[in-house]
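# return atomic coordinates for the entry below.
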Amino acid sequence: MNKYVAYLLLAFLLVQGCKKEEVLTDVDFDLQFSTDTVVFDTVFTTIGSATKRIKIYNPNNKAVLIPQIYLAGQSSSAYIINIDGISGTSVRDIRIEAHDSIFGFVQVKVDPTHQFSPLLIEDSIMVVNGTGRERSIKLIAWGQDVHLIRDSVLTTQTWYNDKPYLIYGSAIVDSNQVLTIEAGCRIYFHNKAWMGVYGTLIVNGTLEQPVIFRGDRMDKSNYAPPVPYDKIPGQWEGIRFANSSVGNKIDYAIIRNATFGIVAGIYNQPGRTELEISNSRIYNHYTSALFATGAHIRAWNCVFAQGEWATLMIAQGGNYSFYQCTFAAYPSFGIKSGYALYLSNYLVVDTVPGDDKTRKTFFGELEKADFGNCILYGELETAVRFVPASGHAFEYTFDHSLIKGTNELISSSNANRFIKSKISDRDGSSVFEKIDTREYLYDFRLNKASIARESGSMDIANQFPLDLNGKSRIADDAPDMGAYEYYLNQ
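I've put the predicted structure just below:
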C-alpha cells in the first residue's frame, strides 16, 4: 500500500513538473526600469564608451515574454545594446520570470565627425509589451572628435587647441625633438597611458586657458555610492622626463589623476633633467605629485597636492628651488595621505622590480632644496621628512615658509636653514579655505584667518608679483605664503 501511494505521488509530481508555467504574452503587462535616461559624458571618436547598465524588472505575478527590445535608431544608431546576454540593435522574445529582473548593457561609439565642438548623440531603447505598447529609455551622449596618439614616437611638432588629444599606450618625445603644447589644449590619457620626454616639452598655457592633462574617464565609477572618476587617482601613469631632457617649461597646466603626476629623472643615469614649472596645479595622484631623482627643477606659483608616498618626493639629490608654492598632503579616494615633502640624497631600488635580492642604494648630492614663501602642510603629524645619508651633500632652506609639525619633530633651531619660518601643529582649517577629508573636497586658497597670511618675504614676492590666480601679492604691506594671495570675496 505504501509503495502504491509513493508511485501515485511520483506520477503527480512528474505531471506537475511537465506543466508549462503560464506566461503573459498578448496582454498589456507592466514593466519597471531602473532609470528612464542613460547619460554618457564625453565619448571620443572611434574609441567607444564605458558600459552603462540598466535593469528591467517584472513586477507581475506571472512570467512575461517581451516580444522585442530595440534601438529606435536601428542600424544607424551609434549605440549597441546587450539584453540578457544577446547583443545587437534589436533582440526578441526576452523572458523575465515573475518578480524577477534582467540586466541590459549599453555602449556608444562615435564615428569621426571632424567637428571641433562636441555634438549631442541621442537615441532610445524601445521596449515592446504584449499588446504592442512601447516604452522607452532615453540614451544621451556627447561625442567629440580627437587627435588619437597611440604608442607614438614624436618628432618636433606643435599641438593646437582645435580638438582634444587622446593618448593610448604612450606618447614619447624623442631625443633632440621639441613638443610644444599651446594654450587651452586638453590631453586625455587612457588607462595606463603615459607621456615620456627624452627631448623637450614646452607647455604654453595661460590663466584663462590652461593646458589640461587628465584621464579619459568622465563618467562615474561602479563603487557604491558611485564616485566620479575625476576624484579617483591612478587613472594613467603620468609624465616622465628622462635625464637627457633639458629646457622643459610647463606654464599654466593642470595635471591630475595619475599614478605619478611628474617623474623628473631616472636613478643612476648620466645627465640631469631640467624643468621649470610655473602657475600650475598638479594634484590627486596615487603615489606622488612630483617625484624627482637628481633633477634640476625651478617652480613658482604652483599647487602640488596628494600622493600616498609624498606630495613632493626628492631622492638621490639634485638642485631645487620652489617659490610661492603650496604642498598639501591630504587623502584622496582610495589612498592615505603621505608627507608634503620627503627629502633625501639617496634612493633604494629593486633593480629587478619586486625582487628584493636585487635591491641597491644609489647616492647623490643634494646641492640645494630651497623653499621660499611656501606652505608645506597636510594631515600627518609632520608634513616633512628628512632622510639624509652621511658623506653626501644635503643642503636645504625654508625661507618665510609654513610647515606642519612641532619643534620636537622638526629641528628648526638652525637659523640658516629655517629663516623666519613657522612650525605649526594646527589642522588644515587654520590655513586653507576648505579641507573635507570625507568627501575629498579641497580648496587650497587661504581663508581669512589663515596663519599663512601676511607672513611671506617681500623680496621673494617681488620676483613673483602675481599669484596663481593672477592677483597681486605685493599690493599690501606683506605677501601671503603659498600659491594664493588672500582676497576678500575671492
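
# from now on I want contacts and neighbour counts done on CA atoms only, so please keep to that.
Will do.

# how far away is residue 450 from residue 57?
Residue 450 sits 54 Å away from residue 57, going by C-alpha to C-alpha, to the nearest Å.

# check which residues of stretch 34-43 are buried.
For stretch 34-43, burial by neighbour count (16 or more other C-alpha atoms under 10 Å) applies to 38, 40, 42-43.

# do stretch 447-467 as well
Buried, per 16+ other C-alpha under 10 Å, within stretch 447-467: 447-448, 450-458, 460-461, 464-467.

# pLDDT on that stretch, on average?
In this model, stretch 447-467 has a mean pLDDT of 97.

# restrict it to CA atoms and write it as PDB.
Listed next in PDB are the C-alpha coordinates belonging to stretch 447-467 (Å, rounded to 0.1, in the frame of the first residue of the first chain):
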ATOM      1  CA  ASN A 447      41.000  81.600   4.400                       C
ATOM      2  CA  LYS A 448      40.600  84.900   6.100                       C
ATOM      3  CA  ALA A 449      42.100  83.700   9.400                       C
ATOM      4  CA  SER A 450      44.900  81.700   7.800                       C
ATOM      5  CA  ILE A 451      48.100  81.500   9.700                       C
ATOM      6  CA  ALA A 452      49.900  81.800   6.300                       C
ATOM      7  CA  ARG A 453      48.600  85.300   5.700                       C
ATOM      8  CA  GLU A 454      51.000  88.300   5.600                       C
ATOM      9  CA  SER A 455      53.900  86.200   6.700                       C
ATOM     10  CA  GLY A 456      55.900  86.000   3.400                       C
ATOM     11  CA  SER A 457      59.100  87.700   2.300                       C
ATOM     12  CA  MET A 458      58.500  90.800   0.200                       C
ATOM     13  CA  ASP A 459      61.900  90.200  -1.500                       C
ATOM     14  CA  ILE A 460      60.600  86.800  -2.800                       C
ATOM     15  CA  ALA A 461      57.200  88.200  -3.600                       C
ATOM     16  CA  ASN A 462      58.700  91.000  -5.700                       C
ATOM     17  CA  GLN A 463      60.100  88.300  -8.000                       C
ATOM     18  CA  PHE A 464      56.700  86.700  -8.500                       C
ATOM     19  CA  PRO A 465      54.300  89.700  -8.000                       C
ATOM     20  CA  LEU A 466      51.100  87.900  -9.300                       C
ATOM     21  CA  ASP A 467      49.700  84.800  -7.600                       C
END
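
# break this structure down into its domains, please.
Per the record, the chain has its domains at 23-143, 146-463, by automatic domain parsing.

# need the winner for burial among those.
domain 146-463 (a mean of 21; mean count of other C-alpha atoms under 10 Å).

# how about low-confidence regions in the stretch 251-400 of the chain?
The stretch 251-400 of the chain contains no residues with pLDDT under 70.

# swap in the stretch 51-200 of the chain?
Along the stretch 51-200 of the chain, the model assigns pLDDT under 70 to residues 113-117.

# what pLDDT is listed against residue 18?
On the pLDDT scale, residue 18 gets 46.

# about what we covered before: sitting in helices, which of the buried residues of stretch 34-43 do you find?
Nothing among those maps onto helices, per DSSP state H.

# using PDB, write out every CA atom in stretch 49-57.
Taking Å, rounded to 0.1, in the frame of the first residue of the first chain, the C-alpha atoms of stretch 49-57 are listed here in PDB:
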ATOM      1  CA  SER A  49      32.500  54.500 -24.200                       C
ATOM      2  CA  ALA A  50      32.300  52.900 -20.800                       C
ATOM      3  CA  THR A  51      29.500  50.400 -20.300                       C
ATOM      4  CA  LYS A  52      26.300  51.600 -18.700                       C
ATOM      5  CA  ARG A  53      23.900  49.100 -17.000                       C
ATOM      6  CA  ILE A  54      20.100  49.200 -16.900                       C
ATOM      7  CA  LYS A  55      17.700  46.800 -15.200                       C
ATOM      8  CA  ILE A  56      14.300  45.700 -16.400                       C
ATOM      9  CA  TYR A  57      12.100  44.400 -13.700                       C
END
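
# give me the residues contacting it.
Contact with stretch 49-57 is made by 31-35, 38, 40, 43, 96, 99-109, 219, as judged by C-alpha atoms under 8 Å, 6 or more residues apart in numbering.

# quick one: distance of the helix or strand harbouring residue 376 to the chain centre.
If you go by DSSP states H and E, residue 376 is part of strand 375-378. Counting by C-alpha atoms, centre = their mean, to the nearest Å, strand 375-378 is centred 21 Å from the centre of its parent chain.

# returning to that earlier point: let's have the domains of the chain in TSV, adding distance to residue 472.
Output for the domains of the chain, formatted as TSV (distance: least, C-alpha to C-alpha, whole Å):
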stretch	distance to residue 472
domain 23-143	35
domain 146-463	9
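
# give me the nearest residue to residue 48, chain neighbours excluded.
Leaving out its chain neighbours, the residue that sits closest to residue 48 by C-alpha to C-alpha, 6 or more residues apart in numbering is residue 109, at 4.2 Å.

# before we move on, back to that, mind listing what the helix or strand that comes right after the strand holding residue 376 pairs with, with the direction of each?
Following strand 375-378 in sequence order, the next helix or strand is strand 384-387 (DSSP H and E). Here strand 384-387 is paired, per DSSP bridges, with strand 339-344 (parallel).

# ok, residues contacting the strand it pairs with?
For strand 339-344, the external contacting residues (C-alpha under 8 Å, 6+ apart) are 305, 308-317, 327-329, 366, 376-378, 380, 382-389, 394.

# looking at the buried residues of stretch 447-467, which are in strands?
Using DSSP state E, no member of the buried residues of stretch 447-467 sits in strands.

# what is the neighbour count of the spatially closest residue to residue 452 that is not a sequence neighbour?
Closest residue to residue 452 apart from its sequence neighbours, by C-alpha to C-alpha, 6+ apart: residue 481 at 5.3 Å. The tally of other residues near residue 481 (other C-alpha atoms under 10 Å) stands at 30.

# surely residue 105 meets residue 82?
Yes. The pair residue 105 and residue 82 qualifies as a contact (C-alpha atoms under 8 Å) at a distance of 5.0 Å.

# residue 326 and residue 304 touch, don't they?
Yes. If you go by C-alpha under 8 Å, residue 326 and residue 304 touch, sitting 6.2 Å apart.

# about what we covered before: separation between the residue nearest to residue 48 and residue 43?
From residue 109 to residue 43 the distance is 7 Å (C-alpha to C-alpha).
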